[in-house]
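Visitor: Just a sequence and a predicted model for now, questions to come.
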Amino acid sequence: MPLTKLEPRQRARIVAVDGPRDIVSRMVDMGVVKGVTLELVRKAPLGDPLEIKIHRFLLSLRREEARAITVETL
Amino acid sequence: MKSRHILVALAGNPNCGKTSLFNSLVGAHLKVGNYPGVTIEKTEGRLKYQKYSLTLVDLPGTYSLSPYSPEEIITRDFIIKEKPDVVLNVVDGTNLERNLYLTTQLMELGANMLIALNMYDEVLQQGTKIDIKQLQRILGCHIVPTSATRQKGLDRLLEHIVKIYEKKILIAKNKLSYDPLETDTQKLAEGRYAFINGAAQETVQYLNKPITSMTDWVDAVVINRALGIPIFLLVMWAMFQLTFKLGEAPMVWLDTLFGWLSGLVSSLLPAGLLNSLIVDGIIAGVGGVLSFVPNILLLFLGISFLEATGYMARAAFVVDRLMHKIGLHGRSFIPMLTGFGCSVPAFLACRTLKNPADRITTMLIIPFMSCGAKLPVHLLLIGAFFPAAIAGNILFGVYFFGIIFALFSAFIFKKFLFRGESEPFVMELPPYRLPSLKYLLIQMFIKAQLYIKKAGTTILFVSVLVWALTTFPSLPEHYEGNFSPIEYSLAGRIGKAVEPVIKPLGFDWKIGIALITGVAAKEVVVSTLGTIYALDEADLDDDDALALKDRISRDPIFTLPTALALLVFVLLYVPCLAATVVFHKEAGALKYTLIYFGYTCGAAWLAAFLIQRLSSLFF
């Protein structure tokens, strides 16, 4: 399922990253690759963007970008 | 014979403490400039160690070397073309895995690498154990634990740099466990991360139970659903209150100092042209601008503080939804916020926006973010027309109006002029850190230096020019009583010529002159008014020590609606020459510069007109 379906505090593992090239390559550079686990920390006060914890750091991305990340919950 | 000069390049992720480490190593011996062709900051420093002289280059912070952003290209090109003797890879030890990604790319390039395992004090504090020896073996290069803010490990670092240069330490290359020539970028990245994870699993031991860090605690409040936006507004508001309130006392001291200096010169020199040039031209002009240095320093300090603590990224996170609605990127917010300091670095900061439409739009609205140089004008007008108790609120209102106007303009530009996809919002929220005072002071000093240089050169030149325009031709005796000398001068004539255009705004020729000279630099609006009013009232007024704001508030042309209209006009109209030149270079086409000039001036006129008319109904 897409990352956007996660609830805050829920953990998941990345199954695939697939989307527009520039978005994917930026996410990949930040460590968003297949097999890595992440946690949806929270949504911004206005509901978008999202904040995730990955590789022990915090990353924010918009909903529309988060859709490129397919995850399976743990 | 071997040269005794070692070139060291510092490479690392943003927020890894690279600049702090650089500052700790070179101290105040740094030189800030730009990379040729592009305008990303280039900081270089020199130091002597043993028998060597070292040149350190602080490369821009990047997560990767893929040729994706200008920062990444600069870093990559520097390492490939300049072939630094040592590449000092600064790695944030508290965030090892992601930081090592850049390390793998540096390994792929075959750089002579030394790793500074920075923030090592925090690593220990968190109870994390890193087997440095084993990690060295895996990566094939030496690792020195450091703490830039606590000045730890710096000597060992320099020792290692020299040893690498002397080839007493050999760098083992080809340690990578994947094929660095893989063409599928995603597969390549997976390979890099697999290598990193392997290395981390072998060498890093985290505390078993996850502890809630300070960052988690602070974020739970600061960007929480209910409080995120109020806190954002509060922080911005507090910053401007601080600028205003804390800067007040030193401003008065400086004013007094320049008043004393004027008196001194007047008493030493005989009355005449030279006396007038120094007192009314140079001291009134430059002094008027320099007396705002405390406010500007505080504003820069505030912005640097927000950046260094990590709040700036949270601010972008909180407002991205709104920014995205008007077609911009949350990251556009950061150049916009920088615009509060100065448009010049703000235009340059737009380089971090990859998308051309986002970039141009952001650049076009930066002029409406009231820059530090406009602050003197705001302070003068607010000081003259509003009681001290509400001055801070009015100032906040001016800034707020600028922001709203900028957002509105961005919406218009994105909708009608530059349609196109927006840039991704994939951004790190760095852990909160208390920046060292030294770091903040160095950042502030660099910016203050630029401002004072501007005051010393451009503004001195313009002040003398304005003095000459307002002094010559001098009033012939037979006209005395019919004209005031300033009216007869060249400046008076220019001001009168533009008067019809600005009359609907309630402005007279004096304001006209100030606005024209203000294109050279915004502070000059104040110094021009200072010069004009000093000359204009010299004969009528015996009280020479009268402050400019009192002179202005006595002038019948300056009604409250006019003052408000002028506040808005100065806020919105075209930025200074220096900024305009930078804009033109950055935008890269005359077309954009014309839009920029036409839009700012047109908007300023229209908004000032509306404010004048509307407020006339009430006051």
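Guide: Cool, the structure landed. What you are looking at is a predicted structure, and each value in this text was computed from that prediction instead of being measured.

Visitor: So which bits of chain A are right by chain B?
Guide: When proximity is defined by C-beta under 8 Å from any C-beta of the partner chain, chain A lies next to chain B at A:17, A:22-31, A:33-36, A:41-49, A:51, A:55-62, A:65. To be clear about C-beta, it is placed using only N, CA and C from the backbone, and glycine gets the same treatment.

Visitor: for the chain, where's the lowest mean pLDDT among helices and strands?
Guide: Going with chain A. helix A:21-29 (a mean of 87; mean pLDDT, DSSP states H and E).

Visitor: not quite, I wanted chain B
Guide: Least confident helix or strand, chain B: strand B:30-34 with a mean of 67, by mean pLDDT, DSSP H and E.

Visitor: Just the buried residues of the next helix-or-strand element following it, please?
Guide: In the C-terminal direction, the helix or strand that comes right after strand B:30-34 (DSSP states H and E) is strand B:41-49. Buried residues in strand B:41-49, counted by 16 or more other C-beta atoms under 10 Å in any protein chain shown: B:42-43, B:45.

Visitor: I'd like those residues written out as JSON lines, with distance to B:T559 and pLDDT added.
Guide: As requested, those are exported to JSON lines (distance: C-beta to C-beta, whole Å; pLDDT from 0 to 100):
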{"residue": "B:K42", "distance to B:T559": "49", "pLDDT": "78"}
{"residue": "B:T43", "distance to B:T559": "49", "pLDDT": "86"}
{"residue": "B:G45", "distance to B:T559": "54", "pLDDT": "91"}
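
Visitor: I'd guessed B:L348 sits against B:E586; true?
Guide: Yes. Counting by C-beta atoms under 8 Å, B:L348 does reach B:E586; the two are 6.9 Å apart.

Visitor: What are the buried residues along the least confident helix or strand of chain A?
Guide: Under the neighbour-count rule (16+ other C-beta under 10 Å), helix A:21-29 has A:23-29 buried.

Visitor: likewise stretch B:387-396?
Guide: Of the residues in stretch B:387-396, those scored as buried under the neighbour-count criterion (16+ other C-beta under 10 Å) are B:391-392, B:394-396.

Visitor: Show only the entries of the residues you listed found in helices.
Guide: Secondary structure assignment by DSSP state H places B:391-392, B:394-396 of the buried residues of stretch B:387-396 in helices.

Visitor: and which of those residues is nearest to A:P2?
Guide: Within those, the smallest distance to A:P2 is 41.2 Å, found for B:F396 (C-beta to C-beta).

Visitor: Report pLDDT for the residue lying closest to B:S436 once chain neighbours are set aside.
Guide: Taking C-beta to C-beta, 6 or more residues apart in numbering or on different chains, and ignoring the residues beside it in sequence, B:S436 has B:T149 as its nearest neighbour in space, at 4.9 Å. Per-residue confidence (pLDDT) for B:T149: 83.

Visitor: B:K454 too?
Guide: pLDDT recorded at B:K454 is 61.

Visitor: and if you look at B:L407?
Guide: So B:L407 comes in at 89 (pLDDT).

Visitor: B:I138 too?
Guide: On the pLDDT scale, B:I138 gets 94.

Visitor: so how many other residues sit close to it?
Guide: Burial measure for B:I138: 19 neighbouring residues, criterion other C-beta atoms under 10 Å in any protein chain shown.

Visitor: quick one: it and B:S177, what's the gap?
Guide: Computed as C-beta to C-beta, to the nearest Å, the B:I138 to B:S177 distance reads 9 Å.

Visitor: what touches both of the two?
Guide: In the contact map built from C-beta atoms under 8 Å, 6 or more residues apart in numbering or on different chains, the residues linked to both B:I138 and B:S177 are B:G198.

Visitor: picking up where we left off before, of the residues of chain A next to chain B, buried ones?
Guide: Using 16+ other C-beta under 10 Å as the burial test, the residues of chain A next to chain B include A:17, A:23-31, A:33-34, A:36, A:41-46, A:48-49, A:51, A:55-62, A:65 as buried.

Visitor: Chain A: helices as residue ranges?
Guide: A:21-29, A:63-66.

Visitor: For my notes, please list those helices in JSON lines and give distance to B:V570 for each entry.
Guide: As requested, the helices of chain A are exported to JSON lines (distance: least, C-beta to C-beta, whole Å):
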{"stretch": "helix A:21-29", "distance to B:V570": "39"}
{"stretch": "helix A:63-66", "distance to B:V570": "39"}
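
Visitor: So which of those helices is nearest B:R613?
Guide: With C-beta to C-beta as the measure, helix A:63-66 is the member of those nearest B:R613 (43.1 Å).

Visitor: gap between that closest one and the chain center?
Guide: Taking C-alpha atoms, centre = their mean, to the nearest Å, one finds the center of helix A:63-66 at 8 Å from the center of the full chain.

Visitor: Where does the stretch 151-300 of chain B get nearest to chain A, residue-wise?
Guide: Ranking the residues of the stretch 151-300 of chain B by distance to chain A (C-beta to the nearest C-beta) places B:G228 first, at 3.5 Å.

Visitor: Report the contact partners of that residue.
Guide: By C-beta under 8 Å, 6+ apart, the contact list for B:G228 reads A:44-45, B:222, B:318.

Visitor: mind running it again at 6 Å?
Guide: Contacts were defined as C-beta atoms under 6 Å, 6 or more residues apart in numbering or on different chains; by that measure B:G228 touches A:45, B:318.

Visitor: Tell me the pLDDT of it.
Guide: pLDDT, read off for B:G228, is 91.

Visitor: Same question for B:K325.
Guide: B:K325 carries a pLDDT score of 84 in this model.

Visitor: ok, then the element right after the helix ranked longest in chain B?
Guide: Secondary structure of chain B read by DSSP H shows that its longest helix is helix B:228-268. Following helix B:228-268 in sequence order, the next helix or strand is helix B:273-276 (DSSP H and E).

Visitor: Now that following helix: buried residues?
Guide: Within helix B:273-276, the residues scored as buried using 16+ other C-beta under 10 Å are B:275-276.

Visitor: Report all helices and strands that it contacts.
Guide: In terms of contacts (3 or more C-beta pairs under 6 Å, 6 or more residues apart in numbering or on different chains; DSSP states H and E), helix B:273-276 is not packed against any helix or strand.

Visitor: Kindly format the C-alpha coordinates of that helix as CSV.
Guide: Presented in CSV, the C-alpha positions along helix B:273-276 are these (Å, rounded to 0.1, in the frame of the first residue of the first chain):
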residue,chain,number,x,y,z
LEU,B,273,30.9,74.2,1.4
LEU,B,274,33.4,71.9,3.0
ASN,B,275,31.6,72.0,6.4
SER,B,276,28.3,71.4,4.6
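
Visitor: pLDDT of the following helix or strand past that helix, averaged?
Guide: Counting by DSSP H and E, the element after helix B:273-276 in chain order, helix or strand, is helix B:284-290. Within the predicted structure, the mean pLDDT of helix B:284-290 is 72.

Visitor: Output helix B:284-290 as CSV - backbone C-alpha positions only.
Guide: Output for helix B:284-290, consisting of C-alpha atoms alone and laid out as CSV, is shown next (Å, rounded to 0.1, in the frame of the first residue of the first chain):
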residue,chain,number,x,y,z
ALA,B,284,24.1,62.8,7.9
GLY,B,285,24.0,60.3,5.1
VAL,B,286,26.4,57.5,6.3
GLY,B,287,25.7,58.2,9.9
GLY,B,288,22.0,57.9,9.4
VAL,B,289,22.5,54.5,7.8
LEU,B,290,25.1,53.2,10.3
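
Visitor: What is it packed up against?
Guide: Using 3+ C-beta pairs under 6 Å, 6+ apart as the contact criterion, the secondary-structure elements in contact with helix B:284-290 are helix B:460-471, helix B:523-538.
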